[in-house]
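[1] structure of the sequence below:
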Amino acid sequence: MERRVKKENYVIGPDGSPLTVADLPAPSTKRWVIRRKAEVVVAVRGGLISLDEACERYRLTVEEFLGWQRAIERHGLAGLRTTRIQDYRH
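    The predicted structure follows:
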């Protein structure tokens, strides 16, 4: 009898380590630090969860999520820093 091991889906997180659905921030997250925002963006980009799932799970608007994604594309993780947002906006 052949044993089948269930392969868990993962993506490479912003810190370079594997990121699974279980590793994502809790749905009740209130404090969105850079790492948590980046983990959600990476999970959606990598197909771990859909954009709709992310928005529903974290009560985000599509615009808010896309803003996080744009900030990473333009400025790297530092673009997600809320205290310096004026420095990154044009």
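[2] now do the strands in the protein.
    11-12, 18-19 (DSSP state E).
[3] same question for the last one, mean pLDDT?
    What it means is strand 18-19. Across strand 18-19, pLDDT averages out at 96.
[4] pull the longest helix from this structure.
    Longest helix in the chain by number of residues (criterion: DSSP state H): helix 62-75.
[5] contacts for it?
    Residues outside helix 62-75 that contact it (CB atoms under 8 Å, 6 or more residues apart in numbering): 37-38, 40-41, 44-45, 51, 54-55, 79-80, 88. Backbone N, C-alpha and C define where each C-beta goes, glycine included.
[6] got TSV for those residues, with pLDDT and neighbour count too?
    TSV is the format used below for the contacts of helix 62-75 (pLDDT from 0 to 100; neighbours: other CB atoms under 10 Å):
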residue	pLDDT	neighbour count
37	97	27
38	97	22
40	97	25
41	97	22
44	97	20
45	96	12
51	98	14
54	98	19
55	97	18
79	91	22
80	91	24
88	51	15
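[7] distance to residue 9 for the residues you listed - can I get that in JSON lines?
    Shown next, in JSON lines, are those (distance: CB to CB, whole Å):
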{"residue": "37", "distance to residue 9": "21"}
{"residue": "38", "distance to residue 9": "18"}
{"residue": "40", "distance to residue 9": "16"}
{"residue": "41", "distance to residue 9": "17"}
{"residue": "44", "distance to residue 9": "13"}
{"residue": "45", "distance to residue 9": "14"}
{"residue": "51", "distance to residue 9": "16"}
{"residue": "54", "distance to residue 9": "15"}
{"residue": "55", "distance to residue 9": "20"}
{"residue": "79", "distance to residue 9": "27"}
{"residue": "80", "distance to residue 9": "24"}
{"residue": "88", "distance to residue 9": "32"}
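[8] what sits against the most centrally placed residue in the chain?
    The residue lying closest to the centre of the chain (CA atoms, centre = their mean) is residue 40, at 1.4 Å. The contact partners of residue 40, by CB under 8 Å, 6+ apart, come to 24-25, 54, 58, 65, 68.
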